[in-house]
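J.: Pasting the sequence and the predicted model now:
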2 protein chains.
Amino acid sequence: MTYCVGIFVQEGLVMIADTRTNAGLDNIATYRKLHIFEKPGERVVAIATSGNLAVTQSVLSLLSEGVRDPVTGEVETIYDTPSMFRTAQLVGEAIREVYRVDGKALEQNAAGFDVTMLVGGQIAGRRLRLFMVYRAGNFIEATEDTPYLQIGEHKYGKPILDRAVGFRTSLREALKLGLISMDSTIRSNLSVGLPIDVLTIRRDVFASELRHRIEAQDGYFQDLRQRWSAALREAHIAIPPPPYGTGVG
Amino acid sequence: MTYCVGIFVQEGLVMIADTRTNAGLDNIATYRKLHIFEKPGERVVAIATSGNLAVTQSVLSLLSEGVRDPVTGEVETIYDTPSMFRTAQLVGEAIREVYRVDGKALEQNAAGFDVTMLVGGQIAGRRLRLFMVYRAGNFIEATEDTPYLQIGEHKYGKPILDRAVGFRTSLREALKLGLISMDSTIRSNLSVGLPIDVLTIRRDVFASELRHRIEAQDGYFQDLRQRWSAALREAHIAIPPPPYGTGVG
């Protein structure tokens, strides 16, 4: 399993991904799922991946080496795209190309062709955008109304995002909320695990602001986990007991 | 969808169930999912159901009318069982009987034979117990280590139970925590909805202590939802911002 979240706010974009991959509970490894394609000042594009590791690695290789247009024969890489919309299209085309090559064999082996990606970033002169690209190669976009997108094990970390993240949330607060969301997921799903990769992109800067890996011994993340846990305990203690059926029984 | 939770603590047992059923988003109805079989002073058994409504209703009818033993020909109802263990077995046998009659046709219609039940309670002279019975008719039991069981949409409401519920939690606190868990689920999954049925059973009383339906306009539940939401907002505000990359960008 995997958990990745992208948060799209007025100040910029946060992307967070865990690094645990597994082929069964008895075969766990660490692989980077947050990939950054950057020419500072010109473009910064981040891709977070979930699904079959062979598929996601093939898609990323294609994006670096270039996807060939079947009509014109032209090859386009993720560093060539003129806009984030075209970048999301290119990711979709790369997924379809991997499906064309590997999809049938995977399905014959009951492995399933399984891939979903978050694609976020900004290219000079164009808008900051965040997309989720599905296994069919189609995609949706985060908006001011729903300013986050999740892939993988999304349920445990969704309540805090629903309650606390808005488009006006600051970039740093969005990063903190994304880490709380990741903490909730890690606590409840063994197949999501540390280290965590985080990225922030400030709007109209066309470069990453923060690229960081949070390891198990990270002091801030440990403190956040403890504070959040303590706050939840206090929160329910402060709620009065149910009044139903007092004196009954 | 459905969300039901049973919490098994030293003082007794809490059972909570929503009442929303749906056949597609355009066909939503209210059906009781928490069923109580009680002879005060002799036995109190509660069953919370999830899955295909036709299947769960058939199982409940069989439990009231009696399941025939294929060897002895004897008929046993849920009021006849000598222990909670035998009660869980009987529920499993009723599920297998409904599968024998309807299972194949359901699977041929791609509907799936889908049912899971929580079975909790106490019979005079025997122990208070809480079981989860699967569609195969087998079952597991809640223990002091993991003193709760969930069926249906379990993920959104699990973090608060993991963090706050222990075997020494009081019965009334367990009810409150169960309601917070239900609130988290209702907020995130449209197919889980009010009203909510709640039941508490105090250990060694052999009767229900509280049987109550919480409707949408219930003052306490509205207050709990608001307080919990406000507490979560305050909790994340009190956590310091991430220190990573300060001054960068």
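T.: Good, I have the coordinates. Numbers count the residues shown, from 1 in each chain, chains lettered A, B, ... in the order given.

J.: in chain A, which spans are strands?
T.: In chain A, the segments counted as strands under DSSP state E are A:3-9, A:12-17, A:20-22, A:28-30, A:34-39, A:43-51, A:67-68, A:75-76, A:115-123, A:129-133, A:139-141, A:148-152, A:196-202, A:208-214.

J.: got JSON lines for those, with mean pLDDT, mean neighbour count and distance to chain B too?
T.: Backbone N, C-alpha and C define where each C-beta goes, glycine included. As requested, those are exported to JSON lines (pLDDT from 0 to 100; neighbours: other Cβ atoms under 10 Å in any protein chain shown; distance: least, Cβ to the nearest Cβ, whole Å):
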{"stretch": "strand A:3-9", "mean pLDDT": "98", "mean neighbour count": "27", "distance to chain B": "12"}
{"stretch": "strand A:12-17", "mean pLDDT": "98", "mean neighbour count": "28", "distance to chain B": "9"}
{"stretch": "strand A:20-22", "mean pLDDT": "92", "mean neighbour count": "19", "distance to chain B": "18"}
{"stretch": "strand A:28-30", "mean pLDDT": "92", "mean neighbour count": "12", "distance to chain B": "20"}
{"stretch": "strand A:34-39", "mean pLDDT": "98", "mean neighbour count": "18", "distance to chain B": "13"}
{"stretch": "strand A:43-51", "mean pLDDT": "98", "mean neighbour count": "25", "distance to chain B": "11"}
{"stretch": "strand A:67-68", "mean pLDDT": "95", "mean neighbour count": "18", "distance to chain B": "31"}
{"stretch": "strand A:75-76", "mean pLDDT": "97", "mean neighbour count": "16", "distance to chain B": "29"}
{"stretch": "strand A:115-123", "mean pLDDT": "98", "mean neighbour count": "26", "distance to chain B": "13"}
{"stretch": "strand A:129-133", "mean pLDDT": "98", "mean neighbour count": "24", "distance to chain B": "18"}
{"stretch": "strand A:139-141", "mean pLDDT": "98", "mean neighbour count": "16", "distance to chain B": "19"}
{"stretch": "strand A:148-152", "mean pLDDT": "98", "mean neighbour count": "24", "distance to chain B": "12"}
{"stretch": "strand A:196-202", "mean pLDDT": "98", "mean neighbour count": "24", "distance to chain B": "6"}
{"stretch": "strand A:208-214", "mean pLDDT": "97", "mean neighbour count": "19", "distance to chain B": "3"}
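
J.: in chain A, which ranges drop under the pLDDT threshold?
T.: A:246-249 (pLDDT under 70).

J.: Identify all contacting residues around stretch A:48-58.
T.: By Cβ atoms under 8 Å, 6 or more residues apart in numbering or on different chains, the surrounding residues in contact with stretch A:48-58 are A:2, A:4, A:6, A:15-17, A:21, A:31, A:33-35, A:59-60, A:95, A:98, A:101-102, A:106, A:111-118, A:135, A:151-152.

J.: again, only this time at 6 Å
T.: For stretch A:48-58, contacts defined as Cβ atoms under 6 Å, 6 or more residues apart in numbering or on different chains pick out A:2, A:4, A:15, A:17, A:21, A:33-34, A:98, A:114-118, A:151-152.

J.: about what we covered before: mind putting the strands of chain A in a markdown table, distance to B:Leu224 included?
T.: As requested, the strands of chain A are exported to a markdown table (distance: least, Cβ to Cβ, whole Å):
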| stretch | distance to B:Leu224 |
| --- | --- |
| strand A:3-9 | 28 |
| strand A:12-17 | 31 |
| strand A:20-22 | 35 |
| strand A:28-30 | 39 |
| strand A:34-39 | 38 |
| strand A:43-51 | 35 |
| strand A:67-68 | 52 |
| strand A:75-76 | 54 |
| strand A:115-123 | 35 |
| strand A:129-133 | 34 |
| strand A:139-141 | 34 |
| strand A:148-152 | 26 |
| strand A:196-202 | 32 |
| strand A:208-214 | 34 |
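
J.: Nearest to B:Arg202 among those would be which one?
T.: strand A:3-9 (40.3 Å; Cβ to Cβ).

J.: partner strands of the closest one, parallel or antiparallel?
T.: strand A:12-17 (antiparallel), strand A:148-152 (antiparallel) (DSSP bridges).

J.: Which among these is found nearest to B:Ser64?
T.: strand A:148-152 (43.6 Å).

J.: Report whether stretch A:224-233 contacts chain B.
T.: Yes: Stretch A:224-233 is in contact with chain B by Cβ under 6 Å from any Cβ of the partner chain, via A:Leu224, A:Arg227, A:Ala231, A:Leu232.

J.: Quick one: those residues as JSON lines, columns for neighbour count too.
T.: Below are those laid out as JSON lines (neighbours: other Cβ atoms under 10 Å in any protein chain shown):
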{"residue": "A:Leu224", "neighbour count": "21"}
{"residue": "A:Arg227", "neighbour count": "16"}
{"residue": "A:Ala231", "neighbour count": "18"}
{"residue": "A:Leu232", "neighbour count": "20"}
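
J.: Out of these, flag the one nearest to chain B.
T.: Each of the residues of stretch A:224-233 next to chain B was scored against chain B by Cβ to the nearest Cβ, and A:Ala231 proved nearest at 3.4 Å.

J.: what two of the residues of stretch A:224-233 next to chain B are the furthest from one another?
T.: A:Leu224 and A:Leu232 (12.5 Å).

J.: residue boundaries of the helices in chain A?
T.: A:53-65, A:84-98, A:104-108, A:158-164, A:171-188, A:219-237 (DSSP state H).

J.: does chain B sit close to the fifth one?
T.: Yes: applying Cβ under 6 Å from any Cβ, one finds that helix A:171-188 is in contact with chain B at A:Arg172, A:Leu175, A:Lys176, A:Ile180, A:Ser184, A:Ser188.

J.: got a list of what the fifth one touches?
T.: Think A:Ser184. A:Tyr156, A:Gly157, B:Pro159.

J.: With adjacent residues omitted, what lies nearest to the second one?
T.: The shortest distance from A:Gly157 to any residue other than its chain neighbours is 3.4 Å, reached at A:Ser181 (Cβ to Cβ, 6 or more residues apart in numbering or on different chains).

J.: What of the last one?
T.: Nearest residue to B:Pro159 in three dimensions, chain neighbours excluded: A:Ser184, at 5.5 Å (Cβ to Cβ, 6+ apart).

J.: From A:Ser58, how far off is A:His35?
T.: 13 Å (Cβ to Cβ, to the nearest Å).

J.: swap in A:Gly12?
T.: In terms of Cβ to Cβ, A:Gly12 sits 30 Å off from A:Ser58.

J.: cool, A:Thr72 as well?
T.: Distance from A:Thr72 to A:Ser58, by Cβ to Cβ: 23 Å.

J.: which of the two has more neighbours?
T.: A:Ser58 (19 against 8; other Cβ atoms under 10 Å in any protein chain shown).

J.: and A:Thr2, what does it touch?
T.: A:Ser50, A:Gly152.

J.: run the last query once more with 8 Å
T.: A:17-18, A:20-21, A:33, A:49-51, A:151-153, A:191-192.

J.: How about A:Ala88?
T.: Contacts of A:Ala88 (Cβ under 8 Å, 6+ apart): A:Val119, A:Arg129, A:Phe131, A:Val133, A:Phe139, A:Glu141.

J.: Excluding chain neighbours, what is closest to it?
T.: A:Phe131 (4.1 Å).

J.: Hmm, that neighbour is touching A:Glu141, no?
T.: Yes: between A:Phe131 and A:Glu141 there is a contact under Cβ atoms under 8 Å: 5.2 Å.

J.: separation between A:Leu130 and B:Gly137?
T.: For A:Leu130, the distance to B:Gly137 - Cβ to Cβ - is 47 Å.

J.: Repeat that for A:Ser58.
T.: From A:Ser58 to B:Gly137 the distance is 44 Å (Cβ to Cβ).

J.: How many residues are close by A:Asp26?
T.: 6.

J.: same thing with A:Tyr31?
T.: 13.
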